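> Curious how this folds, go ahead:
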Amino acid sequence: MGLIRPRSFVVVLLVLLALALTLPAAAAAASSWTEQTLPVDDVWYGVSFPDVDHGWAVGLMGNIISTTDGGSTWTVQTDIDGSLFECYFSDASHGWAVGPDGVYATTDGSTWAPQSAPPATW
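Reported below is the predicted structural model:
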C-alpha cells in the first residue's frame, strides 16, 4: 500500500518535467519588462496595440498617448475634456476612445473627433 504504482509515477514525473521546462521561460519573460517614463501623469485605464509597434493609451484625465515603437517612447496626442476608460484600434489608423462623456474616433491615428450617438428610440 505504501508503494507508488508505476503509472502514477510516470504521471508525476511528466508533471514535474513540464514544470521544469515552463518555469525558466516564464521567469525569463517576466524579467524582460522595463518601466517606461510617460510624457504626462494620468491614471491609465485603456491600452490598445493593433500591431507590435503601434499603441495607444487613454487615461482618467482625458489624455491620449501613442507609441510607434512598441512602447519604448510615448507621445501626447490630445487631452479630451473628460475621463477616458477604454480604447480600441482595428489597425494603426482607425480607433475609438470611450469615457462617460462620450466616444471619440480617429481615422488617421492622431486626430480625434467626438462622435454623436443616434437618438434613443425606446
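
> Hmm, residue 97 is touching residue 58, no?
Yes. Judged on Cβ atoms under 8 Å, residue 97 makes contact with residue 58 at a distance of 4.9 Å. (Each C-beta comes from the backbone N, C-alpha and C, glycine too.)

> can you list residues touching both of the two?
Taking Cβ atoms under 8 Å, 6 or more residues apart in numbering as the criterion, residue 97 and residue 58 both touch 46, 64, 84, 86-87.

> With residue 90 as the reference, measure out to the nearest residue to residue 112 once chain neighbours are set aside.
The shortest distance from residue 112 to any non-neighbouring residue, by Cβ to Cβ, 6 or more residues apart in numbering, is to residue 104 (4.7 Å). Taking Cβ to Cβ, to the nearest Å as the measure, residue 104 falls 15 Å from residue 90.

> One more: residue 83?
23 Å.

> the more surrounded of the two?
When neighbours are counted by other Cβ atoms under 10 Å, residue 83 and residue 90 differ, and residue 83 comes out ahead with 18 against 10.
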